[in-house]
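*Asks:* I'll drop the sequence and a predicted model, then ask my questions.
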Amino acid sequence: MPSIANENSERMSLRVPATAKAKLVRAAALRNTDLTDFVTQSALREAEAVIEEAETIKVSKRDHLRILELLENPPKPNAKLRAAIAGLPGSL
């Protein structure tokens, strides 16, 4: 099925070995889609996974509980923290 041109799309060129292209074309055909859609969707899934991994902090259950405890019962500010706050613009 031919795709309708999207006015908001941009062209991106890739150079790949013939064997890689053949494999991508075959996979796209097995998914009943065209090569552009197959490559774009596959690349976007990988991009989302990479971004998610880079932007997510994983902590142990023990550390998670400690973080929650500190959020619910924060320690009193020490001298260094009070000095840092006093040095902020607009602080009292």
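*Replies:* Yep, it's here. These numbers come from a predicted model, not from an experiment. Residues are numbered from 1 along each chain as shown.

*Asks:* select the longest helix from this protein.
*Replies:* Ranked by residue count under DSSP state H, the longest helix found in the chain is helix 35-55.

*Asks:* now that helix, how far from the chain's geometric center?
*Replies:* 9 Å (Cα atoms, centre = their mean, to the nearest Å).

*Asks:* again with stretch 28-42
*Replies:* Computed by Cα atoms, centre = their mean, the separation of stretch 28-42 from the middle of its chain amounts to 22 Å.

*Asks:* just the buried positions in that stretch, please.
*Replies:* Across stretch 28-42, burial judged by 16 or more other Cβ atoms under 10 Å covers 28, 33, 38, 39. All C-beta spots, glycine's among them, are computed from the backbone N, C-alpha and C.

*Asks:* ditto for stretch 39-54
*Replies:* Using 16+ other Cβ under 10 Å as the test for burial, stretch 39-54 gives residue 39.

*Asks:* which other residues reach that stretch?
*Replies:* Residues from elsewhere that reach stretch 39-54, judged by Cβ atoms under 8 Å, 6 or more residues apart in numbering: 14, 24, 28, 33.

*Asks:* good, we can wrap up now.
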